[in-house]
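Q: What shape does this take:
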Amino acid sequence: MASPLTLCKTGLFSAVVPGTVAGIIPSLLARRDRGTLPIGSRPARIAGFASLLSGLALYVHTAWRFADEGEGTPAPIDEPDELVRGGIYAHVRNPMYVAVLLCIIGHGLLRRSPLALWWAVGCWLGFHRRVVDDEEPHLREKHGAAYEAYCEAVPRWLPRVRAVDR
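A: A predicted model of the protein is given here:
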């Protein structure tokens, strides 16, 4: 069970870092954006809310897994001691980044803002570099063969689509 202190630290980090990257910055970009996406406002609102709500739900799930399963937070200076492999982490290795991207995309669609969607592209590129250059080597060193086996079994960004046997 996640400790109250770990949950408080998770909440603080989440409000400051993902809250800024996925909330404040795309909102400011959308406010300053002079362009508009070539999509109707109703479809943009529906897709935007779906993306934003799914991103928020996914982020809460991943942050909870870090706190509950690993007794750590999303903050790099307070990471889980154990390799988190439960829940959505059994299907994709970096769902927290995916959640943040879904929130940014949701903001961009809700405001029909090309700048906010370009922010999502830039963030994804930055997230990818961080994962490949920093996080994966660190986790290989920290967890060894267990992390190698996890990488072989679970894709980095998107879950595998498996055919249904008949």
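
Q: What's the mean pLDDT across the helix ranked longest in the chain?
A: The helix spanning the most residues in the chain, taking DSSP state H as the definition, is helix 41-70. Averaged across helix 41-70, pLDDT comes to 96.

Q: low-confidence ranges in the protein?
A: Applying pLDDT under 70 to the chain flags residues 163-166.

Q: same for the helix or strand that comes right after the longest helix of the chain, what does it pack against?
A: Downstream of helix 41-70, the next assigned helix or strand under DSSP states H and E is helix 95-110. Helices and strands touching helix 95-110, as assessed by 3 or more CB pairs under 8 Å, 6 or more residues apart in numbering; DSSP states H and E, comprise helix 4-19, helix 25-32, helix 41-70, helix 114-130. Backbone N, C-alpha and C define where each C-beta goes, glycine included.

Q: now helix 95-110 against helix 114-130, angle please.
A: 170 degrees (axes from the mean of the first three to the mean of the last three CA atoms, to 10 degrees).

Q: check contacts around residue 55.
A: 22, 98, 99, 100, 101, 102, 103, 104, 105, 106 (CB atoms under 8 Å, 6 or more residues apart in numbering).

Q: neighbours around the second one, how many?
A: Counted with other CB atoms under 10 Å, residues neighbouring residue 98 total 22.

Q: oh, and call the first residue 168 from now on, that's how I've got it
A: Shifting the count to begin at 168 puts that one at residue 265.

Q: Out of the contacts of residue 222, which end up buried?
A: Buried by 16 or more other CB atoms under 10 Å: 189, 265, 266, 267, 268, 269, 270, 271, 272, 273, out of the contacts of residue 222.

Q: As JSON lines, those with distance to residue 233 would be great.
A: Formatted as JSON lines, the buried ones among the contacts of residue 222 follow (distance: CB to CB, whole Å):
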{"residue": "189", "distance to residue 233": "17"}
{"residue": "265", "distance to residue 233": "15"}
{"residue": "266", "distance to residue 233": "12"}
{"residue": "267", "distance to residue 233": "14"}
{"residue": "268", "distance to residue 233": "18"}
{"residue": "269", "distance to residue 233": "18"}
{"residue": "270", "distance to residue 233": "17"}
{"residue": "271", "distance to residue 233": "20"}
{"residue": "272", "distance to residue 233": "23"}
{"residue": "273", "distance to residue 233": "22"}
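
Q: between the residues you listed, which is closest to residue 328?
A: residue 265 (15.4 Å; CB to CB).
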